[in-house]
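K.L.:
fold the following and give me the result.
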Amino acid sequence: MKKLIALGAFLITLSAQAFRVDTVAVATPHLETPLEVVVIQPTVGDYAKGTYDTVYLLNGFGGDHKTWYGLQPRIAELADLYGMVMVMPNGRDTWYWNSPVDPAVQMEDAIIKSVVPYIDSHYPTVKKASHRAITGLSMGGHGAMWLATRHPDVFGSMGSMSGGVDIRPFPGKWRMAERIGTPDKTDWDAYTVATLVPVMARNGQNITFDCGSDDFFFKVNNELHDNMLKAGVKHDYTVRPGGHSGTYWKNSILYHLLFFKEAFDKAE
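P.N.:
Residues are numbered from 1 along each chain as shown. Here you go, the predicted structure:
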């Protein structure tokens, strides 16, 4: 009986760890040093072609490539559940822009031209935009929508959690002026998701975003939602109780992954 119990515990442990977690350094000419990326690859599931959909998860200001793994301890388990490769690059407080004032900080190009090709060449992914999604929290929410809207050939689905989706009301915050210049020297309209609504209308991507009712980004998210409705941009927008916190994002990511899973299942 004791042997059976021990065997059962061993099998449960194997089941709970049916995934692979890598931390890689992706060489890129668009940054001064290789970019740190955590990658979770599922190793279970019935996938006819032996390939997986991919979800990119972007961290917020002050975070790094380990943020999501710490916020949602079930993230690897969810990778197995949904058959998704999870990719978490270090955002390095860049807001995921190509900086017009610092040639050593070209994060948009690093993600699009270096990280995505690296992942597709080293992991068994479906190499189609319709099977790639990107989302993130706070700065990463802005980054996800910024990158996806500007690169619909790379990402077919996008999301944002508590995203700073309009940077213009916050000119002195979060090193943004250091990255793109002050508003009197740089046109901030050209660096914010809020002005990309007409592009979203043309792209026709799958979009989900949400924000807590007590969040300091609540107003800009509501305004983005209203402008998307006026422009006829199909999207899901959710308001939940909560503020700008790990507790909120730990819950929110569950809804995003389900949204992406449904979009992947409908894609060719």
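
K.L.:
Gly243: how many residues sit nearby?
P.N.:
For Gly243, the neighbour count with other CB atoms under 10 Å is 15. C-beta: built from backbone N, CA, C; applies to glycine.

K.L.:
one more: Glu32?
P.N.:
10.

K.L.:
check what pLDDT the nearest residue to it once chain neighbours are set aside gets.
P.N.:
The shortest distance from Glu32 to any residue other than its chain neighbours is 4.7 Å, reached at Ala104 (CB to CB, 6 or more residues apart in numbering). Looking at Ala104, its pLDDT is 94.

K.L.:
quick one: Ala104 and Pro29 touch, right?
P.N.:
No - the criterion here is CB atoms under 8 Å, and Ala104 misses it with Pro29 at 10.5 Å.

K.L.:
pull the residues that contact the host helix or strand of Ser252.
P.N.:
Assigned by DSSP states H and E, Ser252 falls within helix 246-266. Residues outside helix 246-266 that contact it (CB atoms under 8 Å, 6 or more residues apart in numbering): 53, 55, 57, 68, 71-72, 75, 78, 82, 84, 130-131, 133, 135, 137, 156-157, 159, 161-162, 206, 208, 210, 212, 215, 236, 238, 240, 242.

K.L.:
how does it look with 6 Å?
P.N.:
Helix 246-266 has contacts (CB atoms under 6 Å, 6 or more residues apart in numbering) with 53, 55, 71-72, 78, 82, 131, 133, 135, 137, 157, 159, 161, 206, 208, 210, 212, 242.

K.L.:
tell me where the protein has strands.
P.N.:
19-26, 35-42, 53-58, 84-89, 132-136, 157-161, 206-212, 236-240 (DSSP state E).
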